[in-house]
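Asks: generate a structure from the sequence data that follows.
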Amino acid sequence: MYKKFLWISHSAINAFERCPQSYYYQYQYRNPETGNRLQVVNPYFSLGLSVHQTVEELGAMPIKERVNVSLEDRFEDIWSSYSGKKGGFISERQESEFKKRGEQMIEKVVNSDFLEKPSTVIEEKIPNIDLIPEENIKLVGSLDWIQVMPDGGFHIVDFKTGKSKEKNGSLQLPIYNILASEKLEGKVKKISYWYLESDSELTSRTPEPAAKNLKTIKNKALEIKRHVKNNDYPCHYNGRCFACGDYHKIFNGQAEFLGTDSESGKDLYFILKADDIVKKLIHMETFDPKEEKVFELRMEGLGTDKIMKELRMSEKKIKETVSSVKKKMVGELTPRELKIIVEKKLK
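Replies: The predicted structure follows:
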């Protein structure tokens, strides 16, 4: 008889704790027409995927082969799959800036001896174990890299491509430790983050006993299970939620459907946001210095009186400048972009 499992991961726990409704859209909802999950593309998401794919897949290769692979060329090829709108980029300059960040991360790997050390992989692409069998709950996670230490022990490494660092008490590495301990014939002796944005070296620690975190993970899993069973996914911020707001835009017709990623089984959506359109206009050097300053202050929510005081301009001059800004935007933006920026920002 078919059993429907609840899959618990570090990212699922985080999503639920940020906003249960966001968790629902990411992990429980399926498009009734395609049967797929939803994914909103954005530059940070695309940067992370590109860097991870460039490095992770080398873990299964013999050292002699992978040290001769050009990571720069691999990154270039993989990046092309996320170029433009399909990567969530609103302008060429924005894409170029994120691509440069990715290239710098890859350079850190190239300049280290990381790829020269032995590694192994777990046969399952997404390893999982029974977390609470009687509740049909499984623990799942994707391990970026498993290094084999000289004494035969294992070192779990997780690549980080964001600017923020994992908070104390995070369950990510403990979950990876539990999964690796079950799936590998040997002891996990070291676990690390590699913050590729800022660090050339790994941030390492000795793994805690699995039992120390297992109870916490199970309790969080059971809490999620109760909400799933009751179909109860409240938003903590009454519809003004950063976590689930983009999903509402999908259902409100404010997102552009880009197609389906067959590998992940997700329908991809692009969402135009006023802040990104502002960046696009600044990047394109659309305005002269005075227009740009008025534009930026208006984008910050300042009214005419405050702008007059800040720039020592007359009300008439400010109105003329705003009018000029609007005319220039008409020539640079699509009708949809123009509507978003005028309605939500430049009033």
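Asks: my read: Leu333 touches Lys327, true?
Replies: No. The criterion here is C-beta atoms under 8 Å, and Leu333 misses it with Lys327 at 11.5 Å. C-beta coordinates here come from the backbone N, C-alpha and C atoms, glycine included.
Asks: does Tyr132 touch Lys218 like I think?
Replies: Residue 132: Ile, not Tyr. Yes. Using C-beta under 8 Å, Ile132 makes contact with Lys218 at a distance of 5.9 Å.
Asks: hang on, the earlier thing: which of Leu333 and Lys327 has more neighbours?
Replies: Leu333 (19 against 9; other C-beta atoms under 10 Å).
Asks: can you give me the pLDDT of the more buried one?
Replies: Reported pLDDT at Leu333 in the predicted model: 85.
Asks: quick one, what contacts it?
Replies: Contact partners of Leu333, counting by C-beta atoms under 8 Å, 6 or more residues apart in numbering, are Ile277, Lys280, Leu281, Ile341.
Asks: name the element the last one belongs to?
Replies: Ile341 is part of helix 335-344, with elements assigned from DSSP states H and E.
Asks: tell me which other helices or strands that helix touches.
Replies: helix 274-283, helix 315-332 (3 or more C-beta pairs under 8 Å, 6 or more residues apart in numbering; DSSP states H and E).
Asks: out of those helices, which gets nearest to Glu208?
Replies: The minimum distance between Glu208 and these falls on helix 274-283, with 40.1 Å, by C-beta to C-beta.
Asks: give the buried residues for that closest one.
Replies: Ala274, Asp276, Ile277, Val278, Lys279, Lys280, Leu281, Ile282 (16 or more other C-beta atoms under 10 Å).
Asks: check stretch 110-121 too.
Replies: Quick answer for stretch 110-121 (16+ other C-beta under 10 Å): Phe114, Leu115, Ser119, Val121.
Asks: go through these and name the one nearest Ala243.
Replies: Using C-beta to C-beta, the buried residues of stretch 110-121 come closest to Ala243 at Val121, 32.4 Å.
Asks: quick one: the closest residue to the closest one other than its chain neighbours from Pro43, how far?
Replies: Nearest residue to Val121 in three dimensions, chain neighbours excluded: Ala60, at 4.7 Å (C-beta to C-beta, 6 or more residues apart in numbering). From Ala60 across to Pro43, the span is 29 Å (C-beta to C-beta, to the nearest Å).
Asks: and Lys189, what element?
Replies: strand 188-195.
Asks: so which elements touch that strand?
Replies: Counting by 3+ C-beta pairs under 8 Å, 6+ apart, strand 188-195 packs on strand 154-160, helix 172-183, strand 203-205.
Asks: pipe these into CSV and attach mean neighbour count per row.
Replies: Shown next, in CSV, are the helices and strands packed on strand 188-195 (neighbours: other C-beta atoms under 10 Å):
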stretch, mean neighbour count
strand 154-160, 22
helix 172-183, 21
strand 203-205, 13
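Asks: what's the closest of those to Ile106?
Replies: The nearest among those, by C-beta to C-beta, is strand 154-160 at 10.8 Å.
Asks: sheet partners, orientation included, of that closest one?
Replies: strand 145-148 (antiparallel), strand 188-195 (parallel) (DSSP bridges).
Asks: list of residues touching the longest one?
Replies: Defining contact as C-beta under 8 Å, 6+ apart, one finds that strand 188-195 is touched by 149, 151, 153-160, 165-166, 173, 176-177, 180-181, 202-207.
Asks: what comes up buried for stretch 84-91?
Replies: Those would be Gly87, Gly88, Phe89, Ile90, Ser91, for stretch 84-91 by 16+ other C-beta under 10 Å.
Asks: could you do stretch 190-205 as well?
Replies: For stretch 190-205, by 16+ other C-beta under 10 Å, it's Lys190, Ile191, Ser192, Tyr193, Trp194, Tyr195, Leu196, Glu197, Leu202.
Asks: Ile78: which of these is nearest?
Replies: Comparing these against Ile78 with C-beta to C-beta places Leu196 closest, at 15.0 Å.
Asks: please tell me how far the closest one sits from Ile8.
Replies: 27 Å.
Asks: kindly report the same for Glu17.
Replies: Distance from Glu17 to Ile8, by C-beta to C-beta: 12 Å.
Asks: any common contacting residues for these two?
Replies: Residues touching both Glu17 and Ile8 by C-beta under 8 Å, 6+ apart: Lys220.
Asks: just want to know which of the two has more residues nearby.
Replies: Neighbour tally, Glu17 and Ile8, criterion other C-beta under 10 Å: the higher count belongs to Ile8, 26 against 15.
Asks: ok so, going back, okay, the buried residues of helix 274-283 in CSV with pLDDT and distance to Val109 next?
Replies: Formatted as CSV, those follow (pLDDT from 0 to 100; distance: C-beta to C-beta, whole Å):
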residue, pLDDT, distance to Val109
Ala274, 83, 36
Asp276, 84, 29
Ile277, 85, 34
Val278, 83, 34
Lys279, 81, 29
Lys280, 82, 31
Leu281, 82, 35
Ile282, 81, 32
